[in-house]
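Trainee: prediction below, plus the sequence it came from.
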Number of protein chains: 2
Amino acid sequence: MNIFLSNTINKIDAKGRVSIPSQFRSVLENQGFAGVYLYPSFTSQSIDGGGESLINQIAQSIEKMQLFAEETDALATALFSETYQLNYDQDGRVSLPESLMMHAGLKDRVTFAGIGQKFQMWEPSAFESFKNDSRVKALQNRDLIGPSVNFSKNNKVEE
Amino acid sequence: MNIFLSNTINKIDAKGRVSIPSQFRSVLENQGFAGVYLYPSFTSQSIDGGGESLINQIAQSIEKMQLFAEETDALATALFSETYQLNYDQDGRVSLPESLMMHAGLKDRVTFAGIGQKFQMWEPSAFESFKNDSRVKALQNRDLIGPSVNFSKNNKVEE
DNA sequence: TGGGTTATCATGGGATTTTATGGGAGTCAA
DNA sequence: TTGACTCCCATAAAATCCCATGATAACCCA
């Protein structure tokens, strides 16, 4: 598999360890190494995560921006200084940094949600409400997605 | 064959396994790998399914959008976090996630209905009533399809 | 054309493997 | 020492593999 899909809830144990879901690990390992990059989401109370290719994409888009040096630096600093590279052990577990736990309001359980190029980690009940809101927005914006996802209005090629 | 056609009812066994109809499997394998992508339909109480090409289309349209936009995350969450990639075993069976079973109201039997680029999975009796409605709408809108599909009284886009 | 033989397929169930998770023991630094 | 972090092993539950069966469909040949 090469994109992050589906969602699961895993436990954070007494030592602060969490298992990265096995399907996510196989995506990560396809990208090059047995670990994750995590940083606090800019837009929500969750943690964004991904592998080599996510980090490369972000680095590239920062380079491409035609900004004054200071602004680019500020963005890069904001992003990278809060980004952690965590290698998981042979059981597939990492221990989360305090600041990320805080940002997402995590206690003893965490929802891993695959969203394609990256995944997010949420406090489970917070994720539930976000998901419901997302579904509503997606329905409103379904034209953006394109004709291929036949998720359409009057549809019906059916029979 | 490269599109999904016709419909069959298969059993969900005690372990929660279902056989993907063999004709569907051959479509899927033509697309690259021995598995399905499943997600809850946005518009009905059913499960949408397809192969590589369906998921690639979805992924591409989302990639085209901007990386940090809030809307993009919401859209990607709505689509991907509820999408499951299930590789079927050598008998052609998958086990369905709880949340999909719930969404479609499945118990011990499921109707697979081919609708071209993708297929749907329905609780059998729910599918029956949906099919009847669809046929009425399809007849009303048959001009939309174009002259090439001669989709006359005895219908059948099939074959 | 009809009848019998072969494949193919959906399904049941036992055996094996994977996965998430708990906890012990070792390492290193303050 | 104490705490943070590994590495390693144990376990239970879930997913997957593998084999057997019956039913149906496809095939073949007189």
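Mentor: Yes, it's here.
Trainee: quick check: beta-bridge partners of the most centrally placed residue in chain A?
Mentor: The centroid of chain A falls nearest to residue A:119 when counting by C-alpha atoms, centre = their mean (2.4 Å). As for beta bridges, residue A:119 partners with residue A:49, residue A:114 under DSSP bridges.
Trainee: just checking, it touches residue A:110?
Mentor: No: the pair residue A:119 / residue A:110 is not scored as a contact, 11.1 Å apart, by C-beta atoms under 8 Å. The C-beta positions use only the backbone N, C-alpha and C, and glycine is treated the same way.
Trainee: distance between stretch A:95-107 and the chain's centre?
Mentor: 14 Å (C-alpha atoms, centre = their mean, to the nearest Å).
Trainee: helices along chain A, start to end?
Mentor: Counting by DSSP state H, chain A has helices at residues A:22-30, A:52-64, A:69-80, A:98-104, A:124-140, A:142-145.
Trainee: make a markdown table out of the ones you listed and add mean pLDDT.
Mentor: Output for the helices of chain A, formatted as a markdown table (pLDDT from 0 to 100):
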| stretch | mean pLDDT |
| --- | --- |
| helix A:22-30 | 95 |
| helix A:52-64 | 86 |
| helix A:69-80 | 79 |
| helix A:98-104 | 94 |
| helix A:124-140 | 90 |
| helix A:142-145 | 62 |
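Trainee: among those helices, which is nearest residue B:21?
Mentor: For residue B:21, the closest of the helices of chain A is helix A:22-30, at 24.6 Å, according to C-beta to C-beta.
Trainee: list the contacts of that closest one.
Mentor: With C-beta atoms under 8 Å, 6 or more residues apart in numbering or on different chains as the test, helix A:22-30 has contacts from A:1-6, A:20, A:34-36, A:51, A:88, A:92, A:112, A:114, A:119, B:85.
Trainee: give me the buried entries from these.
Mentor: Buried residues within the contacts of helix A:22-30, counting neighbours by 16 or more other C-beta atoms under 10 Å in any protein chain shown: A:3-6, A:20, A:35-36, A:51, A:88, A:92, A:112, A:114, A:119, B:85.
Trainee: from residue A:24, how far off is the residue nearest to the centre of chain A?
Mentor: Noted for residue A:119: a distance of 6 Å to residue A:24, by C-beta to C-beta, to the nearest Å.
Trainee: so what sits against both of these two?
Mentor: With C-beta under 8 Å, 6+ apart as the test, residue A:119 and residue A:24 both reach A:4, A:112.
Trainee: re the thing from before, list the contacts of the residue nearest to the centre of chain A.
Mentor: With C-beta under 8 Å, 6+ apart, residue A:119 has these contacts: A:4, A:24, A:48, A:49, A:50, A:112, A:113.
Trainee: same thing but 7 Å
Mentor: Residue A:119 makes contact with A:4, A:24, A:49, A:50, A:112, A:113 under the criterion C-beta atoms under 7 Å, 6 or more residues apart in numbering or on different chains.
Trainee: same thing with residue A:19?
Mentor: Applying C-beta under 7 Å, 6+ apart, we find residue A:19 in contact with A:10, A:92, A:93.
Trainee: residue A:83 is in contact with residue A:39, correct?
Mentor: Yes: using C-beta atoms under 7 Å, residue A:39 makes contact with residue A:83 at a distance of 4.1 Å.
Trainee: looking at those two, which is more packed in?
Mentor: residue A:39 (22 against 15; other C-beta atoms under 10 Å in any protein chain shown).
Trainee: what are the phi and psi values for the residue in chain A positioned nearest to DNA strand D?
Mentor: Using C-beta to the nearest atom of the strand, residue A:89 is the residue of chain A that sits closest to DNA strand D, at 4.0 Å. Note on residue A:89: its backbone torsions stand at phi -80, psi -180 [degrees, to the nearest 10].
Trainee: quick check, pLDDT for it.
Mentor: Looking at residue A:89, its pLDDT reads 90.
Trainee: for stretch A:97-109, output the C-alpha coordinates as PDB.
Mentor: Output of stretch A:97-109 as PDB, limited to C-alpha atoms (Å, rounded to 0.1, in the frame of the first residue of the first chain):
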ATOM      1  CA  PRO A  97       7.000  14.000  22.700                       C
ATOM      2  CA  GLU A  98       5.200  15.900  25.500                       C
ATOM      3  CA  SER A  99       4.500  18.900  23.200                       C
ATOM      4  CA  LEU A 100       2.700  16.900  20.700                       C
ATOM      5  CA  MET A 101       0.600  15.100  23.300                       C
ATOM      6  CA  MET A 102      -0.300  18.500  24.700                       C
ATOM      7  CA  HIS A 103      -1.200  20.000  21.300                       C
ATOM      8  CA  ALA A 104      -3.600  17.200  20.500                       C
ATOM      9  CA  GLY A 105      -4.900  16.800  24.000                       C
ATOM     10  CA  LEU A 106      -3.900  13.100  24.200                       C
ATOM     11  CA  LYS A 107      -4.300  11.000  27.300                       C
ATOM     12  CA  ASP A 108      -4.400   7.300  27.000                       C
ATOM     13  CA  ARG A 109      -5.900   6.600  23.600                       C
END
